[in-house]
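K.L.:
Test case, fold it:
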Amino acid sequence: MPAAVLNEQQACRHQAGLSDGWLTSGILAVTAAFLTSIAPVPDAYAAAARPVDGTALISAADNLQDWLTHGRTYEEQRFSPLDRINAANVKDLGLAWFADLDTARGQEATPLVIDGTVYITTAWSKVKAYDALSGKLRWEYDPRVPGEAGIRACCDVVNRGLAAWGRRLYFGSLDGRLIALDRETGRLVWSKRTVDRSKPYAITGAPRVIGGRVIIGNAGGEMGVRGYVAAYDGDDGKRLWRFYTVPDRPGTNATPHLKRAEATWKGDWWTLGGGGTVWDSMAYDPKLDLLYVGVGNGSPWNQAYRSPGGGDNLFIDSIIALKPRTGEYVWHYQTTPGDTWDFDATQHLILADLEIDGRPRAVVMQASKNGFFYVLDRATGQLISATSYVAVNWAKGIDIHSGRPIENPEARIDKTGKPFLVVPGPGGAHSWQPMAYDPRTGLVYIPAQEAGFPYVPEAHWQEAAQGFNTGIDFAAAAMPADPKVRAAVMAATKGALIAWDPIAQQERWRVAFKGPWNGGVLATGGGLVFQGNAAREFAAYDAVSGAKLWSSSVQTGITAAPVTYSIKGEQYVAVLAGWGGVWALAPGMLSEVAGPVRNVSRLLVYRLGGRAQLPPESPVTRSPLDPPATTGTPEQIAEGGRQYGRFCGGCHGDAAYAGTVLPDLRRSALIADGKAWASVVHDGALRDQGMVGFAKVLSPEQIESIRQYVIKRANEDKALGDK
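P.N.:
Predicted structure coming up:
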């Protein structure tokens, strides 16, 4: 049995004094360098792989054993009728087994469970298969994503999961491939490049399969790309159709929907890409035969640069309905016309049948990043209702007749040219973390957050060949070295689990968290709502009242969504744990509102009476804050701050204050040695670890100015008592 898995039998051995060296050597043996797959492990509980076909996916709601597709069903409700674990006995829930992972970055995937096997993707787009009962590792696959691909991902090197069809699994790799694996063995069947690698595309989302068509989008809206979603033949990877979400150069747009969109853009938008990437959410209605996709932000964010003169900029920030066989446009609804705040509409889409105003309505629902909860008719896209579910100041509401937001003119930084503290900020009121809908309570459970951001237009912005291209001055918005300001901002940054009534458009209950960036949600027939959080906890709440009924320490943050499955009448709950994603990287000290969190990447599986134990928790450790003296001139440091804000902060943290996932440059020995610093930042000495060189966009003098800025920031924080 691989040492990466500690089941109940192994837990006893561990508790009896088995050395950590045994665990370490076992892990190294299993995860040898660049091991792409291992032979399947024979197991008494293994079942012959049954094909996953259209009938199985359409009837997935009736399958209580498996979790066949990303949201459990095509409707993406993330509700399971399983009730073996319920409000009366959840207090007896315990760890059945766990598996340590070999990627210490953010873990965001939803597992699939098929025929007694749990399939997951991890950071860096690796795939692993475990026996769902014992936790034995059956096989693993490493697509060998090059480290330098990390810079193409705005928000950590994450992956959100797999799709199944026939006897194969499909997933997207960070460097833009769509890959098909044999489900039983993990062997590569085919690999298809889906993006132009000369442009900064990435894939982080999970594909869906409809009628043998594997549908996948991509990411890169912060970098400068043109978004699209495409379908590929599950048999051989041949591309069947591609739907662009923003128009190309005028005169080149052949389809009616792109010709229509062209009139809503100004200037030379196509030279900047335009954005509109389909990087996460999808849902499918088999009766209407409609595929719904959520479309991302414009690129750059600041509309003054992206589309000078304004315009709605279709189809950024839109929910779009397509024909999955052909990719034909059917309808759209745009949540944030002419977006200038990074308000993607890629958040989780849920399909449901609701009784509204005395008549049944087939709807699609979204708790949008912009702070409003939308209910749309899923046949026509007509807006039924929209209400804010958190505090919002960029708009006063949504006009029910036009469907447009009633904007606050002061928030339009692209028009005023002035800074404005916008609520919510680019982290969104709800990000990618999946919601859940319980048809029994009629409630949607939303992983919500409240965090504003001071949007400052960047003067004289120009596109760069590397890094973020947003048109926002992150240096001017950086957290100051002022204890009072820091305390106030920390106090105003919050997270919550909100139970929302989509018919009444009202909150029914709320669980407050220490900070944002908490996990996705699962609702069950046992009257439970499961969610992990940033405070190193996995918990179950009463679906009606929100009362916490059970919790377990998991030693790290959870952002992924749980799933549940059943084997021989026993119900299990599985979740990926591992702190990461954009909130763990970019917001600086705000990433620690809930306290500093280590990344401990694991797959955790629970059942009633489970007795496995995690190893002892290790504390968060940091190198001492011991910088050299500040020697840079004020002009040099100011220049370094500008360049750091644009090119470094997305990974190493606002104001050079990093979280716990990537290196904190204030604590790095490199800042004491200009040549060593340049070898990394200019030459790319650590490119294989994801830290590429920036010689394309930064001169040696600018790179040295960044070093001087980091030194100054380190000395400021040391003077404030940081150690």
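K.L.:
give me the element residue 572 is part of.
P.N.:
strand 570-577 (DSSP states H and E).
K.L.:
buried set for that strand?
P.N.:
Residues of strand 570-577 classed as buried: 571, 572, 573, 574, 575, 576, 577 (neighbour count, 16 or more other Cβ atoms under 10 Å). From N, CA and C alone the C-beta is placed, and that goes for glycine too.
K.L.:
any idea how far residue 655 is from the last one?
P.N.:
I take that to be residue 577. 28 Å (Cβ to Cβ, to the nearest Å).
K.L.:
same thing with the second one?
P.N.:
With distances defined as Cβ to Cβ, the gap from residue 572 to residue 655 amounts to 43 Å.
K.L.:
re the thing from before, the strand holding residue 572: how far from the chain's middle?
P.N.:
Here the centre of strand 570-577 is set off from its chain's centre by 20 Å, with Cα atoms, centre = their mean, to the nearest Å.
K.L.:
Show the average pLDDT along it.
P.N.:
Mean pLDDT, strand 570-577: 98.
K.L.:
elements contacting it?
P.N.:
strand 528-533, strand 563-567, strand 602-608 (3 or more Cβ pairs under 8 Å, 6 or more residues apart in numbering; DSSP states H and E).
K.L.:
what's the next helix or strand after the longest one packed up against?
P.N.:
Going down the chain from strand 602-608, the next helix or strand is helix 634-647, by DSSP H and E. Using 3+ Cβ pairs under 8 Å, 6+ apart as the contact test, the elements touching helix 634-647 are helix 700-719.
K.L.:
Quick check: mean pLDDT of the helix it packs on?
P.N.:
98.
K.L.:
Specify the angle between it and helix 634-647 in degrees.
P.N.:
Orientation of helix 700-719 against helix 634-647 (axes from the mean of the first three to the mean of the last three Cα atoms, to 10 degrees) gives an angle of 90 degrees.
K.L.:
got the contact list for helix 700-719?
P.N.:
With contact meaning Cβ atoms under 8 Å, 6 or more residues apart in numbering, helix 700-719 is reached by 481, 625-632, 636-637, 639-641, 643-644, 647-648, 655-657, 665-668, 670-671, 674, 677-678, 681-682, 694, 698.
K.L.:
Give me the buried entries from the residues you listed.
P.N.:
Looking at these with 16+ other Cβ under 10 Å, the buried ones turn out to be 481, 627, 632, 636-637, 639-641, 643-644, 647-648, 655-657, 665-668, 670-671, 677-678, 681-682, 694, 698.
K.L.:
in a helix, that's where residue 57 is, yeah?
P.N.:
Yes: read with DSSP: H, G, I helix; E, B strand; the rest coil, residue 57 is one of the residues of a helix.
K.L.:
That one contacts residue 209, doesn't it?
P.N.:
Yes: using Cβ atoms under 8 Å, residue 57 is in contact with residue 209, at 7.3 Å.
K.L.:
what bridges to residue 292?
P.N.:
residue 283, residue 321 (DSSP bridges).
K.L.:
Wait, it touches residue 278, no?
P.N.:
No: if you go by Cβ under 8 Å, residue 292 and residue 278 don't touch, sitting 10.7 Å apart.
K.L.:
Okay, strands next: where are they in the stretch 251-400 of the chain?
P.N.:
Here the stretch 251-400 of the chain has its strands, by DSSP state E, counting those that start in this stretch, at 274-275, 282-285, 290-294, 298-299, 318-323, 328-334, 350-356, 359-367, 372-377, 383-388, 395-398.
K.L.:
looking at those, which is buried most?
P.N.:
Highest mean neighbour count among the strands of the stretch 251-400 of the chain (mean count of other Cβ atoms under 10 Å): strand 298-299, with a mean of 33.
K.L.:
How far off centre is it?
P.N.:
18 Å.
K.L.:
what do you get for stretch 472-484?
P.N.:
25 Å.
K.L.:
Next, the buried residues of it.
P.N.:
472, 473, 474, 475, 476, 477, 478, 479, 481.
K.L.:
now, which of those sits nearest residue 129?
P.N.:
residue 474 (40.5 Å; Cβ to Cβ).
K.L.:
Now do the contacts for the closest one.
P.N.:
468, 645, 646, 649, 654.
K.L.:
Got phi/psi on it?
P.N.:
Note on residue 474: its backbone torsions stand at phi -70, psi -30 [degrees, to the nearest 10].
K.L.:
try residue 60
P.N.:
Per degrees, to the nearest 10, the backbone of residue 60 is at phi -60, psi -30.
K.L.:
Format the helices and strands packed on strand 570-577 as a markdown table; extra columns: mean pLDDT, distance to residue 428 and mean neighbour count.
P.N.:
Below are the helices and strands packed on strand 570-577 laid out as a markdown table (pLDDT from 0 to 100; distance: least, Cβ to Cβ, whole Å; neighbours: other Cβ atoms under 10 Å):
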| stretch | mean pLDDT | distance to residue 428 | mean neighbour count |
| --- | --- | --- | --- |
| strand 528-533 | 98 | 17 | 27 |
| strand 563-567 | 98 | 24 | 23 |
| strand 602-608 | 98 | 26 | 24 |
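K.L.:
Setting aside sequence neighbours, what's the nearest residue to residue 486?
P.N.:
residue 479 (6.2 Å; Cβ to Cβ, 6 or more residues apart in numbering).
K.L.:
quick one, what contacts that neighbour?
P.N.:
Contact analysis of residue 479 by Cβ under 8 Å, 6+ apart lists 485, 486, 489, 588, 589, 590, 654, 655, 657.
K.L.:
The third one sits in which helix or strand?
P.N.:
Meaning residue 489. helix 483-492.
K.L.:
what angle do the next helix or strand after that helix and strand 359-367 make?
P.N.:
Per DSSP H and E, helix 483-492 leads on to strand 494-501 as the next helix or strand towards the C-terminus. Angle, strand 494-501 to strand 359-367, by the same axes, to 10 degrees: 170 degrees.
K.L.:
buried residues in strand 494-501?
P.N.:
So, applying 16+ other Cβ under 10 Å, buried residues of strand 494-501: 494, 495, 496, 497, 498, 499, 500.
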